[in-house]
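> need a 3D model of the following:
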Amino acid sequence: MAALAEGAPLAFHLWVFCAGAVVGSFLNVVIARVPKGESLVRPGSHCPKCGAPIAWFDNIPLVSWMLLRAKCRRCGQPISARYPLVELIAAVLAVAIVRQLGPTVAALGYFAFAAALLALAYIDLDTWLLPHQITWPLLAVGLASPLWNRELPWHSSLIGAAAGFCLFAAIALIGEKLLKKETMGWGDVWLLSGIGAWLGFQALLPVVLLSALQGSIVGIALIALGRDPAKAKEPDQQNASPADDDWVPPKHAVPYGPFLSLAALEHLLAGNRLAAAWDFLLRRLFA
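Coordinates of the predicted model:
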């Protein structure tokens with residue numbers, strides 16, 4: 001099936017790209033509204049600056065942002081480049097997954113998985129939160145994914161979910177009970193459990209190692225540049241509990257959710273190649 005997708009006409013890949021961009025447009029709504037507890041349906045799309053409704057012809061993924069020159073038609077205020085970026089990433093992920101798995105139900109399921117990871121990554125960047133409205137359904141659907149993904153055994157999904165939860169829950173509890181500080185957010189616990197359910201227990205170690213490595217590199221780079229992501233945290237006054245509102249990220253910390261999401265996508269799309277590269281590196285080092 002993957003060979004079929006690679007040999008498919010350009011028109012098919014263009015259709016997949018456009019469908020992915022449309023999903024990305026919806027993800028922008030999810031990213032903006034879910035942390036605030038707002039409806040995803042009402043009100044309709046509107047300018048975040050002036051509140052003016054956005055007409056359908058100004059809401060075409062990727063295209064409208066360029067035609068409007070990144071400005072609201074009504075108030076003229078700039079429109080963040082994040083909107084087309086999320087749409088573009090979703091579109092590229094859709095094409096990459098179809099080329100990897102072919103036009104199958106499994107590909108559709110994994111695109112839903114990738115879309116959820118994309119939304120969670122941006123929400124965590126904005127709020128340092130991984131909302132249960134997304135992580136819990138991600139876990140539940142992941143546990144059911146062997147129904148349509150015959151490459152993933154039931155036991156691998158179940159063990160992956162349980163092991164992912166237990167691993168990060170242990171880190172979180174050790175921090176809370178022994179170190180008296182938060183070493184791991186519970187949103188990260190549920191996210192890794194969901195990743196284990198979708199990718200199987202064999203993916204957990206590579207995902208954790210990749211996410212930790214990439215997070216460390218970004219954190220060191222930000223320190224070198226004199227930037228502290230922890231200072232950018234803006235608590236959600238409407239929905240956060242007093243404990244959440246009082247919580248401040250440690251100095252020089254970076255949200256971990258985006259790196260877990262990135263590592264999971266890397267494993268999904270290039271897991272075999274990454275494993276081969278790692279094996280080659282170890283052989284070169286210890287030969």
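> pick out the residue nearest the middle of this protein.
Compute the mean C-alpha point of the chain, and by C-alpha atoms, centre = their mean the closest residue is Leu117, 2.4 Å away.
> okay, that one: pLDDT?
Looking at Leu117, its pLDDT stands at 98.
> tally of neighbours for the spatially closest residue to it that is not a sequence neighbour?
Using C-beta to C-beta, 6 or more residues apart in numbering and skipping the chain neighbours, the partner closest in space to Leu117 is Ser261 (3.9 Å). No exception for glycine: its C-beta is placed from N, CA and C like everyone else's. Ser261 has 24 neighbours, counted by other C-beta atoms under 10 Å.
> cool, and Leu178?
Look at Leu178: counted by other C-beta under 10 Å, it has 9 neighbours.
> before we move on, what about Ile54?
17.
> the residue lying closest to Leu260 once chain neighbours are set aside and Leu222: what is the separation?
Using C-beta to C-beta, 6+ apart and skipping the chain neighbours, the partner closest in space to Leu260 is Ser211 (4.8 Å). Using C-beta to C-beta, to the nearest Å, we find Ser211 at a distance of 16 Å from Leu222.
> which of these two has more residues huddled nearby?
A count of neighbours by other C-beta under 10 Å puts Ser211 above the other of Ser211 and Leu222, at 24 against 16.
> buried residues of the helix or strand harbouring that one, list them for me.
For Ser211, the host element (DSSP states H and E) is helix 204-224. Within helix 204-224, the residues scored as buried using 16 or more other C-beta atoms under 10 Å are 204, 206-208, 210-211, 214-215, 219, 222.
> which regions of the stretch 151-287 of the chain sit below the pLDDT cut-off?
The model of the stretch 151-287 of the chain has pLDDT under 70 over residues 179-183, 228-252, 282, 287.
> can you check the stretch 1-150 of the chain too?
Where the stretch 1-150 of the chain drops to pLDDT under 70, the residues are 1-8.
> I'd say the residue nearest to Leu117 and Ala119 touch.
No - using C-beta atoms under 8 Å, Ser261 is not in contact with Ala119, being 9.1 Å away.
> show me where this protein has its strands.
Assigned by DSSP state E, the strands in the chain number zero.
> what are the ranges of the helices in it?
Secondary structure of the chain (DSSP state H): helices at 2-6, 10-33, 63-67, 82-101, 105-127, 132-144, 154-177, 186-199, 204-224, 242-246, 257-286.
> which other helices and strands does the last one contact?
So that's helix 257-286. Here helix 257-286 touches helix 82-101, helix 105-127, helix 186-199, helix 204-224, going by 3 or more C-beta pairs under 8 Å, 6 or more residues apart in numbering; DSSP states H and E.
> okay if I get those helices as a markdown table plus distance to Leu14?
As requested, the helices and strands packed on helix 257-286 are arranged in a markdown table below (distance: least, C-beta to C-beta, whole Å):
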| stretch | distance to Leu14 |
| --- | --- |
| helix 82-101 | 9 |
| helix 105-127 | 16 |
| helix 186-199 | 27 |
| helix 204-224 | 31 |
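> just the closest of the buried residues of helix 204-224 to Ala19, please.
Taking C-beta to C-beta as the measure, Ala19 lies nearest Val207 of those, at 26.7 Å.
> report the contact partners of that closest one.
192, 195, 199, 260, 263-264, 267 (C-beta atoms under 8 Å, 6 or more residues apart in numbering).
> repeat the analysis, applying 10 Å as the threshold.
Val207 is in contact with 160, 164, 192, 195-196, 199, 259-268, 271, counting by C-beta atoms under 10 Å, 6 or more residues apart in numbering.
> and the gap between the residue nearest to it when sequence neighbours are not counted and Phe111?
Nearest residue to Val207 in three dimensions, chain neighbours excluded: Ala263, at 4.5 Å (C-beta to C-beta, 6+ apart). From Ala263 over to Phe111 the distance is 18 Å, taken as C-beta to C-beta.
> then Val105?
In terms of C-beta to C-beta, Val105 sits 11 Å off from Phe111.
> of the two, which one has the most company?
Phe111 (22 against 12).
> these two touch, right, that one and Val98?
Yes - when contacts are counted by C-beta atoms under 10 Å, Phe111 is listed as touching Val98 (7.9 Å).
> now the common contact residues for those two.
Joint contacts of Phe111 and Val98 (C-beta under 10 Å, 6+ apart) are 16, 19-20.
> neighbour-wise, which one of those leads?
Gly20 (26 neighbours).
> relative to Leu262, how far out is it?
In terms of C-beta to C-beta, Gly20 sits 17 Å off from Leu262.
> great, nothing more from me.
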